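Novice: pasting the sequence and the predicted coordinates here, then a few questions.
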Amino acid sequence: MSPLGHHIAGGREENPRLLPLFPLRSAMLLPRGRLPLNIFEPRYLAMTDHALKTSRMIGMIRPRHDDDVNPPLYTVGCAGRITSFSETGDGRYLITLTGVSRFRLTREEITATGFRLGEVDWSPYALDQEEIADESPALRDRIVDLLMKYLDEVGLSADWDSIEGASAETIVNSISMSCPFDADEKQALLEASTIAERAETLIALMEMAVFGGQGDATDDARQRMQ
């Protein structure tokens, strides 16, 4: 048994040192966000079984590309706890992950059942589990105003009633998770050190979509992304 595998039986922990990893390039999870997943591949059914038997946590992490079976991974992901679970008649699992904290991946291995198990460091993101005060009303209003323009540009709609009463963190994280940014842009949002930084990155991305090719607006947005 490998050094990582030796610790699988360690029982349930609040923030386990080992996490089953679910590499998805298109999906994104952030602390306190909710991500529904349809699990059907045998290795990811085994991953879910492992999570249910241990910490009930799964590490969502983005592959750097989708060109092979086990592509290299970014080093930063976000762990979610399974907060709903059902099994379909054809053997799929329907689960919802609720985001707990980001982590830094320090080591990984492929288990005998095919899923990837990672050794993770939580310490860089210790504040992810703290209550976060809302950002300034001006920043919140700026994001909502720009979101209307962005959704019109990409042909999507939003539940404005839910947005009306939501906190700044909820709005920023929900937009970051749900809008169709490309995978590397979503990784930049994930790795933003604070909600304020994530908000500014989000504004930059929406401005590039809305004002693309219109001089100063695009240049200013790109500067904030660097």
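Specialist: Right, received. Where do you want to start? Numbers count the residues shown, from 1 in each chain.
Novice: avg pLDDT for the longest helix seen in the chain?
Specialist: Looking only at the chain and at elements set by DSSP state H, the helix with the highest residue count is helix 137-154. For helix 137-154, the mean per-residue pLDDT is 84.
Novice: from the chain's centroid, how far away is the next helix-or-strand element following that helix?
Specialist: On the C-terminal side of helix 137-154, the nearest following helix or strand under DSSP states H and E is helix 160-164. Its chain's average C-alpha position is 22 Å from that of helix 160-164, according to CA atoms, centre = their mean, to the nearest Å.
Novice: got it, and stretch 138-147?
Specialist: A distance of 22 Å separates the C-alpha centroid of stretch 138-147 from that of its chain, computed with CA atoms, centre = their mean.
Novice: for it, which outside residues touch it?
Specialist: Counting by CB atoms under 8 Å, 6 or more residues apart in numbering, the neighbours of stretch 138-147 from elsewhere in the structure are 134, 158, 163, 168, 171-172, 175, 196, 199, 202-203, 206-207, 210. (C-beta placed from N, C-alpha, C; glycine too.)
Novice: where is pLDDT lowest across those?
Specialist: Least confident of those in the model: Asp134, at 56.
Novice: give me the most central residue, the protein.
Specialist: With distances taken as CA atoms, centre = their mean, the residue of the chain nearest its centroid is Leu29 (2.1 Å).
Novice: what subset of the contacts of stretch 138-147 is buried?
Specialist: In these, burial by neighbour count holds for 158, 163, 168, 171-172, 175, 199, 202-203, 206-207, 210, counting by 16 or more other CB atoms under 10 Å.
Novice: for these, which one is nearest Asp152?
Specialist: Within the buried ones among the contacts of stretch 138-147, the smallest distance to Asp152 is 8.4 Å, found for Val210 (CB to CB).
Novice: I'd say that closest one and Val154 touch.
Specialist: No - here Val210 lies out of contact with Val154, judged by CB atoms under 8 Å, at a distance of 9.1 Å.
Novice: now do stretch 53-67, average pLDDT.
Specialist: Taken as a whole, stretch 53-67 has a mean pLDDT of 92.
Novice: report the buried residues of that stretch.
Specialist: 54-63.
Novice: can I see the domain layout of this structure?
Specialist: Domains of the chain are assigned by automatic domain parsing as 5-129, 137-225.
Novice: mean pLDDT lowest for which of these?
Specialist: Within the domains of the chain, the stretch with the lowest mean pLDDT is domain 137-225, showing a mean of 80.
Novice: what about that one, distance to the chain center?
Specialist: On the basis of CA atoms, centre = their mean, domain 137-225 is displaced by 15 Å from the centre of the chain it belongs to.
Novice: for this structure, which strand is longest?
Specialist: As assigned by DSSP state E, the longest strand anywhere in the chain is strand 93-110.
Novice: can I assume Leu202 is in contact with Ser174?
Specialist: No - counting by CB under 8 Å, Ser174 is not a contact partner of Leu202; they are 10.5 Å apart.
Novice: quick one: the helices in the protein, in order.
Specialist: According to DSSP H, the chain carries its helices in the segments 42-53, 137-154, 160-164, 168-178, 183-191, 195-210, 216-225.
Novice: could you list the residues in contact with the fourth one?
Specialist: In this case it means helix 168-178. Around helix 168-178, the neighbours that count as contacts under CB under 8 Å, 6+ apart are 28-33, 35, 132, 134-135, 139-140, 143-144, 147, 163, 166, 186, 189-190, 195, 198-199, 202.
Novice: may I see the buried ones among the contacts of stretch 138-147 organised as CSV, with distance to Leu73 added?
Specialist: As requested, the buried ones among the contacts of stretch 138-147 are exported to CSV (distance: CB to CB, whole Å):
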residue, distance to Leu73
Ala158, 31
Ile163, 33
Ala168, 30
Ile171, 28
Val172, 25
Ile175, 24
Ala199, 26
Leu202, 23
Ile203, 28
Met206, 27
Glu207, 29
Val210, 32
